[in-house]
Every structure is written in C-alpha cells, then in structure tokens.
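In: Task: produce atomic coordinates for the following.
(chains A and B)
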Amino acid sequence: MTTLDADYALRTDALGKRFRQTWALRDCTLALPAGRVAALVGPNGAGKTTLLRLLVGLLAPTRGTVEVLGQSPTTNTSQALSRVGFLAQEHPLYRRFTVADHLRFGQACNLRFDRDLAQRRLTTLGIPLDRKAGALSGGQQAQVSLALAVAKRPELLVLDEPLASLDPVARREFLQSLMGVVADDGVTVVFSSHVIGELERVCDHIVVLNHGRIMLSGDIDTLLAEHRMLLGPRTSNNLDRAPNVIEATHAERHTTVLVRDGGAAPAPGWQPHPVSLEELVLGYLRRPADQGAGSATRESGVEA
Amino acid sequence: MFVFRLDSGSGVPPYLQLVQQVRQALLLGFLQPGDRLPLIREVVESLAINPNTVAKAYRQLENEALVTGRPGQGTFVNQTPKATVSPAAYTSLRRGLQTWLDRAYAAGLDEQAINALFTSVHREAKAEDVA
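Out: Sure thing, here's the model as predicted:
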C-alpha cells in the first residue's frame, strides 16, 4: 500500500489492464495533484475508457495499483466512491424517468446527495424538472447528468467523453457549468476527449494516451514551456535519434523539429518557435507505440 | 466591468492572454486605478475557462504590482502601475514606428511580411535577452 498523500487526487503506479490476450493499458504511472482539471486525450482505442473505469473501481487492475483520494477504489469501494462522481459516455439517463425522478433516485442511492443544489442548477439552466429525460435535448441531458454527478458533492469528478455528442453551443454551456463547479467547490476533474482544440481553456493538466500507454503527462503550461518547434534548413542528420527530439518533419528545403529542450539555446541556424498544445499532443500521438513519455527513439535511420 | 476575450487559435497560453489584455488595457486607459477586475467566478462563467487559469493570471498581475487582491472584495487595479510609459516616450515611439512602417511599405513589404519580420526580430531580441 502506498502512503496516503492528501496532495494528490489520484495516483497510479505501473497500472495495467488485460482483456483476454490484449493489454488495453500498460505500465501506466500517473499523479494528479488535487484541484486540477486534467484532460485525457488519445485516439479511439487508446485505453482512455479503460483507465477511467479503473479509476472509479468499475474495473480491477491486472497489474499495478490505483489510489483515488488516498484510497483504493477496488478494495475500499463504498468509502472511496462516495467521494467520486462518475459520468459515463453518452450521458446515460433513464429515458422514461422525469428529471425530478432522477433527482429522487439519486438521493435514494447516495450517502451524500444535495438535491436542492441539483434542482437549483437545473432551474437556472431552464431545464423543466417534470420533463422525461428522453424528451430533453442532448445538451440538456448532458447538463442533467452533470448535475446528478455534482450533487454528490464529489472531490473528484471523472467524465468519459462528456463533449462527444454535443453541438458547439451545448459544448460551451456544458464547459461553463463544469468550470463553475470547479470554481465553487474546488473539485478535481479528469475527463477524456478526442477534441484537442477546446481543451486549453479548461484544462491545466494533460495526459496523452496511445496504444494503451502514456505518451506524455503533466502540467500544460510547464510542458509548453519545455517544448519548442525548431525551424531550420533541411538536414540529412538522423534527428530522430537525438535524445530531445519528439518529432522531425522534413520538407524539401527545411526541417521542422519538435524538441523537449527546456528552452536551451538552439544550434545556430535553427529558429525556435513556441509550440501550441495541439501541435504538442499530435507530435506525441504520432510517435510509435514503443516510445513512452520523452524516451528517445531507437529507430535505425540511414545517414545520408 | 472589464471583459476578457480568449482566442483559442492564437497559440498564446490562456493565462498569458488574460495578463496581456490587462496590461494593454492599462496602457490604453481602458482600465484605471481603483477599477475592479471581474471576479474569477465571473470570468469562468463568461469564457468557460478553468478557474485555476484565471487565478494564475491574477497572481501574475499581482506579482507585477499592477493589481492587488483584497480578500472577499476582489482584485483592484493599483494606483501607480509599475512601469507606465510616459506620454512623450509613447508618442515618440509611435512616430518612429510610423516612419519605419512607411519605409517598409515603400520597400514593397505587405502587412504579413511586416508582421513576420517584426515577430522574428522580436523573438531574436528576446532570446538574446535570455541568453
């Protein structure tokens, strides 16, 4: 058992999950400080949902450990989970239940449930409490799901693809509600997404997952400061071998290199440019499966 | 009340965008000593932005002595911003830039080329500053 650390909302150590022959998640070591908003990004099949389900105790690890708010979600289930809110993909609601039914149901099923808060939240958003869930718009269903998850007054909120099915307006409104919760309650949030564009304004922490492995993880501002795009003349050197090179793109006469050099002065002739979050994430997602966070490439290239 | 904007495509980190907007507003007089910046909750509501990001921007502005946070009341613009540019210096710089711009246009550069040139020289100057 790892030591209890109140500064971290969640920690995993060498976490792995195998389904039959396939490892959905491998060697996943993470630490998320409390109060952060973390995005879990990666393509479909990267292992995002598996990781989230491990965090909330819906799956048991094959290897390694998970610690959520200082407790294991699988051995200390009811205690640990009363402090965690989880919103599964597609905002699952009972279609024939009214919004008010959902609130009553939530109150009956949870140790802690602030029904007034949820009711106020939904009334402010103009969502009729007597309407059946199936008759609500996608955006309204998402808001009801969020209100239910938040009514538990969780310390950690885990959301699986909460933005996926929403149109741009509903997406913005959902994020406004979510950020409002963070501002009011200081709740730690982990949510998965494959849309990178809108993450920068809502997240301060990012975890990039691909092929069941963590490719990159950390504080966004720190990561952006550590990485740069270097633009220079077309080079015949095998840059992929250099230890700090994440990705090299060659054009006919120039080469663009994504480097993690901590802001060191580049070699003469190379012009440094700041890197955007999207470029950073895509750079790491394009790395082959055997290259974890920051490790150098082992590809054998031909020296020209 | 001061209103922040956020440009997702600019490549500038959101917290820095907020800081820059306050600095610029102070320079242009849109924000004056004693003015209250929006509460973190208000910025969060209007921009759908992470409250930690707003708090970080406000902390940086406090460190630069441009604003002061008063617990329970809000964040206020300071009486004497640290490094105000004197109107004379501002006018002279502006005039110099105008002259330079005229020369650049006369040499055949267009707006994009001018911006690229400015950005490139500015970056190099900053890089030398750091080195």
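In: how many neighbours does residue A:56 have?
Out: Burial of residue A:56 is recorded as 23 neighbouring residues (other CB atoms under 10 Å in any protein chain shown). All C-beta atoms are positioned from the backbone trio N, CA, C, and that covers glycine.
In: how close does it get to residue A:125?
Out: In this view, residue A:56 and residue A:125 are 25 Å apart by CB to CB, to the nearest Å.
In: And residue B:110, by the same measure?
Out: Look at residue B:110 and residue A:125: by CB to CB, they are 48 Å apart.
In: what's the answer for residue A:156, then?
Out: Distance, residue A:156 to residue A:125, using CB to CB: 23 Å.
In: Can you pick out the residue with more neighbours from those two?
Out: residue A:156 (23 against 16).
In: Contact partners for that one?
Out: Going by CB atoms under 8 Å, 6 or more residues apart in numbering or on different chains, residue A:156 touches A:9, A:10, A:68, A:69, A:83, A:84, A:85, A:187, A:188, A:189, A:190.
In: Let me know the secondary structure of the residue nearest to the third one when sequence neighbours are not counted.
Out: Spatial nearest neighbour of residue A:68, chain neighbours left out: residue A:10 (5.0 Å); criterion: CB to CB, 6 or more residues apart in numbering or on different chains. When the structure is split into helix, strand and coil by DSSP: H, G, I helix; E, B strand; the rest coil, residue A:10 lands in strand.
In: check contacts around residue A:10.
Out: Contacts of residue A:10 by CB under 8 Å, 6+ apart are A:30, A:31, A:32, A:55, A:66, A:67, A:68, A:69, A:156, A:188, A:190.
In: Equivalent analysis for residue A:105, please.
Out: Residue A:105 makes contacts with A:94, A:97, as judged by CB under 8 Å, 6+ apart.
In: Please confirm that it is located within a helix.
Out: Yes: looking at residue A:105 with three-state DSSP, it is inside a helix.
In: export the contacts of residue A:10 to a markdown table and tack on secondary structure and pLDDT?
Out: Converted to a markdown table, the contacts of residue A:10 look like this (DSSP: H, G, I helix; E, B strand; the rest coil; pLDDT from 0 to 100):
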| residue | secondary structure | pLDDT |
| --- | --- | --- |
| A:30 | strand | 94 |
| A:31 | strand | 94 |
| A:32 | strand | 95 |
| A:55 | helix | 93 |
| A:66 | strand | 93 |
| A:67 | strand | 92 |
| A:68 | strand | 92 |
| A:69 | coil | 91 |
| A:156 | strand | 95 |
| A:188 | strand | 96 |
| A:190 | strand | 96 |
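In: Make a PyMOL selection of the buried ones in these.
Out: To isolate the buried ones among the contacts of residue A:10 in PyMOL, judged by 16 or more other CB atoms under 10 Å in any protein chain shown, type:
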select buried, chain A and resi 30+32+55+66+67+68+69+156+188+190
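In: Between the contacts of residue A:10, which sits nearest residue B:68?
Out: Taking CB to CB as the measure, residue B:68 sits nearest to residue A:188 out of these, at 29.1 Å.
In: my guess is that closest one contacts residue A:31, does it?
Out: No: counting by CB atoms under 8 Å, residue A:188 stays clear of residue A:31, with 12.0 Å between them.
In: Contacts only, for residue A:129.
Out: Contact criterion CB under 8 Å, 6+ apart gives A:98, A:99, A:100, A:103, A:119, A:122, A:123 as the residues in contact with residue A:129.
In: most neighbours, which of those?
Out: Of all these, residue A:99 has the most neighbours under the rule other CB under 10 Å, reaching 25 neighbours.
In: Residue A:121 is in contact with that one, correct?
Out: No: judged on CB under 8 Å, residue A:99 makes no contact with residue A:121 at a distance of 11.1 Å.
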